[in-house]
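>>> model the following, please.
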Amino acid sequence: MTQHWIRQIEEVRSQLLSMGTNAEAQVGEATRALHDLDRSRALAVIAADDALDAMDIAIEEECLHSIALFQPVASDLRLIVAAMSVGHELERIGDLAVNIAGGVVRLRDSGKLPGQIILPECLQQANHMAMEMLRKSLDAFIERDTSECRKLICQDRELDRLHRAIFEWLKEGLQKTPADLDWMIEVTSISKHIERIADHVTNIAEIVIYWVEGEIVRHRQVIGPAKEQDQ
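Below is the predicted model:
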């Protein structure tokens, strides 16, 4: 492996980690905006989305340049493909953080006072879990930790369960106070965005497994010991 290629890999990794930090911050800010129903914070999340889009494009261009210039093979090629794919997933996570922030703005503009909007416990649990899953997926990428990736894929099912619980909350709430339909539907939509963040985190976990082990695990039951890595 040449020094030029090593520097190129480090450049791609550095860009991707910077994007991951940015995406994590976006989700964190959207989470805090939702918890506090903070309209100003939500608007800041929406305004910051362009930076993530630019990072995604820059990483894709760098990865395509790497493939054309160095023609990597085996695990090196998988790293470049994985980096480009993770960049796309992080960009989508950023979009979903914007969607959550947009929901917060609409909740605040609904005419309801913050004290009149009581977020369900299942939503708050899902929000916290999605944030933790994102952090762990980025750590797993840094550490090449496929064991953690498999745990994240399994954990996604629990978040799906929390999202399904929101519909019971919605049904019960509308039976008691039908006039709350609009803001409760908005909360249900926010729950879907949180659930989709976890789906993209799962995709990142699957990408890391592909990079480290050379195994495509999409649409499969991801259990059992890791395969031997390419050298």
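>>> hang on, isn't residue 23 packed against residue 90?
Yes - contact criterion CB atoms under 8 Å: residue 23 and residue 90 qualify, at 4.3 Å. From N, CA and C alone the C-beta is placed, and that goes for glycine too.
>>> what do those two both touch?
Common neighbours of residue 23 and residue 90, using CB atoms under 8 Å, 6 or more residues apart in numbering, are residue 52.
>>> in stretch 71-90, what's buried?
By 16 or more other CB atoms under 10 Å, the buried positions in stretch 71-90 come out as 72, 76, 78-90.
>>> which residues of the chain fall in helices?
For the chain, helices defined by DSSP state H occupy the ranges 3-36, 39-47, 49-70, 74-108, 121-143, 146-176, 181-213.
>>> in a markdown table: those helices, plus distance to residue 115 and mean pLDDT.
Shown next, in a markdown table, are the helices of the chain (distance: least, CB to CB, whole Å; pLDDT from 0 to 100):
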| stretch | distance to residue 115 | mean pLDDT |
| --- | --- | --- |
| helix 3-36 | 12 | 92 |
| helix 39-47 | 15 | 96 |
| helix 49-70 | 30 | 93 |
| helix 74-108 | 12 | 94 |
| helix 121-143 | 16 | 94 |
| helix 146-176 | 16 | 95 |
| helix 181-213 | 13 | 96 |
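>>> format those as JSON lines; extra columns: distance to residue 114.
Output for these, formatted as JSON lines (distance: least, CB to CB, whole Å):
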{"stretch": "helix 3-36", "distance to residue 114": "8"}
{"stretch": "helix 39-47", "distance to residue 114": "10"}
{"stretch": "helix 49-70", "distance to residue 114": "24"}
{"stretch": "helix 74-108", "distance to residue 114": "8"}
{"stretch": "helix 121-143", "distance to residue 114": "15"}
{"stretch": "helix 146-176", "distance to residue 114": "17"}
{"stretch": "helix 181-213", "distance to residue 114": "11"}
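>>> just the closest of the buried residues of stretch 71-90 to residue 173, please.
residue 89 (33.0 Å; CB to CB).
>>> show me what contacts the closest one?
Per CB under 8 Å, 6+ apart, neighbours of residue 89: 200-201, 203-204, 207.
>>> surely residue 141 meets residue 86?
Yes - between residue 141 and residue 86 there is a contact at 6.6 Å, judged by CB under 8 Å.
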